[in-house]
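Q: Kindly return the folded structure for what I paste below:
(2 chains)
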Amino acid sequence: SQQGEEDPQALSIQEGENATMNCSYKTSINNLQWYRQNSGRGLVHLILIRSNEREKHSGRLRVTLDTSKKSSSLLITASRAADTASYFCATDRTSGSRLTFGEGTQLTVNP
Amino acid sequence: GAVVSQHPSWVICKSGTSVKIECRSLDFQATTMFWYRQFPKQSLMLMATSNEGSKATYEQGVEKDKFLINHASLTLSTLTVTSAHPEDSSFYICSARDVGEGQYFGPGTRLLVL
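A: Alright, predicted model coming up:
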């Protein structure tokens, strides 16, 4: 079963705007990862944040982690039409253990 | 780096046949690989965890005799869907874990059973 929940389930924005997606989980974690999936394709690893980290940046991506609230957010700045995809968070409870995926957010960036 | 390939990318077969899907880590060694299936507009569901040189660990509700997994080397795992039926039609995705704890996914295999 999926332990993660993501909101919103769907997000539609205009090109150039920022997109924020949230992920919540239920158990303690070792790390949390964000992935992107284009329709009918595999998952692309975006960023990994460890449980002892609070914020991480990679290009136009900014990820935060609040272990007290068991939640994470993914911010995509200056969005582009090519960012249109589904975004999933995934957690593992211990190093090397299985990933548990959230339900995903479908992001549409309109040109 | 951290590239995972899958073959084939799509397959159409008749009901009752068996289908083998390969998952390879191209530029790193993966002691652990994972197999997922994904139905349209849904998230990934873990089917099994595959460790090199040992038997796979299957998730509850996944038939191990139906979905045979072999992890023969540190760079190759295979999933065989035996006696496939239309309800097995799905998108199958593998992933491989590297030593840095990141988990990298293959491009997926779309299976359609007629």
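Q: quick one: secondary structure of the most centrally placed residue in chain B?
A: Central residue of chain B (CA atoms, centre = their mean): B:Trp35, 3.7 Å from the mean position. Recorded secondary structure, B:Trp35: strand (DSSP: H, G, I helix; E, B strand; the rest coil).
Q: give me the beta-bridge partners of it?
A: Beta-bridge partners recorded for B:Trp35 (DSSP bridges): B:Ala48, B:Cys94.
Q: okay, it: pLDDT?
A: The model reports B:Trp35 with a pLDDT of 96.
Q: Also the one 10 residues further on?
A: Here, the pLDDT recorded for B:Met45 equals 92.
Q: what's near enough to touch it?
A: B:36-38, B:59 (CB atoms under 8 Å, 6 or more residues apart in numbering or on different chains). Just so you know, the C-beta spots here come from the backbone N, C-alpha and C atoms, and that holds for glycine as well.
Q: In these, find the pair that's most separated.
A: Pairwise distances across the contacts of B:Met45 (CB to CB) peak at 13.9 Å, for the pair B:Gln38 and B:Glu59.
Q: Looking at the two, which one has more neighbours?
A: B:Gln38 (20 against 14; other CB atoms under 10 Å in any protein chain shown).
Q: Distance of the closest residue to that one other than its chain neighbours relative to B:Phe39?
A: Distances taken as CB to CB, 6 or more residues apart in numbering or on different chains place B:Phe91 nearest to B:Gln38, at 4.5 Å, with adjacent residues excluded. B:Phe91 is 8 Å from B:Phe39, where distance means CB to CB, to the nearest Å.
Q: out of the two, which sits in the more crowded spot?
A: Counted by other CB under 10 Å, B:Phe91 and B:Phe39 do not tie: B:Phe91 has more neighbours, with 20 against 11.
Q: what packs against the one helix or strand the more buried one maps to?
A: Using DSSP states H and E, B:Phe91 sits in strand B:90-97. Judged by 3 or more CB pairs under 8 Å, 6 or more residues apart in numbering or on different chains; DSSP states H and E, strand B:90-97 is in contact with strand B:4-7, strand B:19-25, strand B:32-38, strand B:76-81, strand B:103-105, strand B:109-113.
Q: Apply 6 Å and report the result again.
A: Here strand B:90-97 touches strand B:19-25, strand B:32-38, strand B:103-105, going by 3 or more CB pairs under 6 Å, 6 or more residues apart in numbering or on different chains; DSSP states H and E.
Q: What residues does chain A have near chain B?
A: Residues of chain A lying close to chain B (CB under 6 Å from any CB of the partner chain) are A:2, A:42-43, A:45, A:48, A:98-99, A:101, A:103-104.
Q: just to revisit the earlier point, kindly reformat the contacts of B:Met45 as JSON lines containing distance to B:Val81.
A: JSON lines is the format used below for those (distance: CB to CB, whole Å):
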{"residue": "B:Tyr36", "distance to B:Val81": "14"}
{"residue": "B:Arg37", "distance to B:Val81": "10"}
{"residue": "B:Gln38", "distance to B:Val81": "15"}
{"residue": "B:Glu59", "distance to B:Val81": "16"}
